[in-house]
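S.K.: one predicted model, sequence on top.
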Amino acid sequence: MIVDARGHRCPTPSLKLQKAMRAAPAGARLTLLATDPMARIDVPHLMSGTGGRVVSVEEAEGVLTIVVETPAVPTD
């Protein structure tokens with residue numbers, strides 16, 4: 001799933017990603033596209049708070065591409 005937050009300022013990219021994560025299944029990978037450099041800081045904080053993880057962060061031509069993985073279903 002791609003979450004396009006290009007052109008939006010903080011905190012909108014993280015909020016859009018958080019909303020998409022709620023609709024995604026456990027262990028899903030989402031890709032955030034953002035032009036706000038703060039997303040590089042905000043998204044890892046969001047993921048640490050939700051139990052998900054940042055898979056990769058790349059930047060090309062002013063666009064951050066951040067791939068995250070939603071938290072897996074806990075095993076009991």
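M.R.: Looks like it arrived, so ask away. Bear in mind the structure is a predicted one, so any value in this text is a computation, not a measurement. Numbers count the residues shown, from 1 in each chain.
S.K.: ok, Met21 to Gly52 distance?
M.R.: Per Cβ to Cβ, to the nearest Å, Met21 is found 7 Å from Gly52. For every residue, glycine as well, the C-beta is placed using N, CA and C.
S.K.: intersection of neighbour lists for these two?
M.R.: Applying Cβ atoms under 8 Å, 6 or more residues apart in numbering, one finds that Met21 and Gly52 are jointly contacted by 68, 70.
S.K.: so these two - more neighbours on which side?
M.R.: More crowded of Met21 and Gly52, by other Cβ atoms under 10 Å: Gly52, with 25 against 20.
S.K.: Tyr29 - nearest residue in space that isn't next to it in sequence?
M.R.: Tyr isn't right for residue 29; it's Arg. Distances taken as Cβ to Cβ, 6 or more residues apart in numbering place Glu69 nearest to Arg29, at 5.3 Å, with adjacent residues excluded.
S.K.: what does Met38 give?
M.R.: Spatial nearest neighbour of Met38, excluding adjacent residues (Cβ to Cβ, 6+ apart): Cys10 at 4.1 Å.
S.K.: could you check how far that neighbour is from Ala28?
M.R.: Applying Cβ to Cβ to Cys10 and Ala28 gives a distance of 24 Å.
S.K.: contacts only, for Val43.
M.R.: Counting by Cβ under 8 Å, 6+ apart, Val43 makes contact with 13-14, 17, 32, 54, 57, 66, 68.
S.K.: any low-confidence regions in this structure?
M.R.: 73-76 (pLDDT under 70).
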